[in-house]
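**Q** Below: sequence and its predicted model.
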Amino acid sequence: VLTVYQWTGTLSNAWLNGNNWSGGAVPDQTFDIVIPVTPNNPNIPVGGVSGLSDLSILPGATVTLNAVNLPITGNLIGNGGTIQGTGSFMFNGTGAQDISNVTISRFRVNKTAGAFTVSGTVSVTDSVSIANATSSIGGSGTLRLVSTLSSTGRIGRVPTGATISCAVTQERQGPALKAWYFFGSPITNTTVADWSEMSLTATAPLGGTNGVNYQIETERAKNFRYAEPHWPNYLDTVQKRGWRVASTNSLAPGEAYCVFLRNNLPSSVISTSGLVKTGSTTFNLSSTAGSCGALPVVRCSPTDQGWNLFANPLPSQFDLNAVASTITGPVQSAFYTWRQALGKYQVYIPSGNYAGFPTAEVDINSLGNARFLSSSQGFFVKATGPGGSFQITENHKSGVPSTFVRTAVTSPSTEKFTFTGANGEDSDE
């Protein structure tokens, strides 16, 4: 019969001091534990704690976890509480387990039997990892991958056979500056129309309180797709050199959009709903022959041919070196991301050979960890002929911190993109 111990924090925040517990002794993993709000929040050290059974954190309470992969065989009931620190819980009970309503840095699911579920909203500030094929994540709740200016929560490699069928919210936050951004979503079964809250078309003030929506005017569009076959085609002043206004296009993982965001939006949270992407994605490139016409009506450049715009399809940063190893056919082994702050592109070349790339046109590998591309990040790849492709797979995910390519300005006013949906597993799109 399990006995419930409650944290009192009478003397300090030391988990291993029995005087800080209602039972007068340090509980082991045969006890259920309740953490209320106290002056001294508990600190679970690296050593000395073998594991936990059920852990209940009462509203407003905080636990600091420094132990890595601390076993928990019962449920984690968050009640809106917080688990912070550099450590992680490892759910490895043989029965059914649940995590609910908590903000947590990271946790790992490593089960050989019994279901693992998410209830309420579980906000992850660092990472969720899945150990094996029998550690699927389900439930009626939502995994929220929290994004700040310095980091974004992620889902680590999903092993073959494992699934994530609970809802997932992927956030992407950046400075709220009037600027163009290239980004996509790891959520499936959505369309550009789901970004309606973003006010993708320009507005103008009327009397300082109202606005006029210029959506019917193509020249005012603020959301574009890039279609390589159209690089020589001119439709109007904005739909040229491959760019086309996005309206009813599907918003599938791997597809990138160029979106202009303003810092005066009434809401800073943008949402779409669908299935979160896991598994592999194959990207097929095109290089379409065409002519720009003769002077003085030249509307393009021959160098426009072969450019393809994609986005990270997975809810995690990935390693461009690993992706480059999957390139087949006539494809340039280089990855370009737009840097609004400098008004030009950053290029990353896995081989490290930047000869022939003029710095006046591209910003060569200027960001730290440019090798690792952030979740939701859009990027260009150039095909030098038809028939090229590359893949992004679960094995390409990385835990190395990466920088979402955005403007360099830091401001307390921010935009946040939120992509929400129940999860399914896809492969080879």
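**A** Done, it's in. In this text, all values refer to a predicted model and were calculated from it rather than measured experimentally.
**Q** Tell me where the chain has helices.
**A** All helices of the chain, identified by DSSP state H, fall at 320-324.
**Q** Any idea which helix or strand in it has the lowest mean pLDDT?
**A** Evaluated with mean pLDDT, DSSP states H and E, the helix-and-strand set of the chain has its lowest mean pLDDT in strand 210-213, which scores a mean of 34.
**Q** measure stretch 146-161 end to end?
**A** For stretch 146-161, the first-to-last residue distance is 26 Å (Cα to Cα, to the nearest Å).
**Q** List the buried residues for that stretch?
**A** Judged by neighbour count (16 or more other Cβ atoms under 10 Å), stretch 146-161 contains these buried residues: 146, 147, 151, 152, 153, 154, 155, 156, 157, 158, 159. (Glycine included, C-beta is placed from N, CA and C.)
**Q** Just put those in CSV and tack on distance to residue 344 and pLDDT.
**A** Listed next are the buried residues of stretch 146-161 as CSV, based on distance: Cβ to Cβ, whole Å; pLDDT from 0 to 100:
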residue, distance to residue 344, pLDDT
146, 31, 89
147, 25, 85
151, 26, 85
152, 24, 88
153, 30, 92
154, 28, 94
155, 32, 96
156, 33, 95
157, 34, 96
158, 36, 96
159, 40, 96
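**Q** now, among the residues you listed, which is nearest to residue 93?
**A** Sorting the buried residues of stretch 146-161 by how near they are to residue 93, with Cβ to Cβ, puts residue 159 at the top with 18.9 Å.
**Q** number of nearby residues for the residue nearest to that closest one when sequence neighbours are not counted?
**A** Sequence neighbours aside, residue 133 is the residue nearest to residue 159 in space, at 5.3 Å (criterion: Cβ to Cβ, 6 or more residues apart in numbering). Look at residue 133: counted by other Cβ atoms under 10 Å, it has 12 neighbours.
**Q** Do I have it right that residue 133 meets residue 163?
**A** No - between residue 133 and residue 163 there is no contact under Cβ atoms under 8 Å: 9.4 Å.
**Q** shared neighbours of the two, which are they?
**A** With contacts taken as Cβ atoms under 8 Å, 6 or more residues apart in numbering, not a single residue reaches both residue 133 and residue 163.
**Q** For the stretch 101-250 of the chain, give me the ranges with low pLDDT.
**A** 174-178, 192-221, 247-249 (pLDDT under 70).
**Q** For residue 113, list the residues it contacts.
**A** 94, 95, 134.
**Q** Can you tell me which of those has the largest number of neighbours?
**A** Among the contacts of residue 113, the one with the most neighbours (other Cβ under 10 Å) is residue 134, at 16 neighbours.
**Q** quick one on the thing from earlier: for the buried residues of stretch 146-161, give me TSV that also has distance to residue 372.
**A** Conversion of the buried residues of stretch 146-161 to TSV gives the following (distance: Cβ to Cβ, whole Å):
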residue	distance to residue 372
146	19
147	16
151	13
152	12
153	15
154	11
155	15
156	14
157	14
158	18
159	21
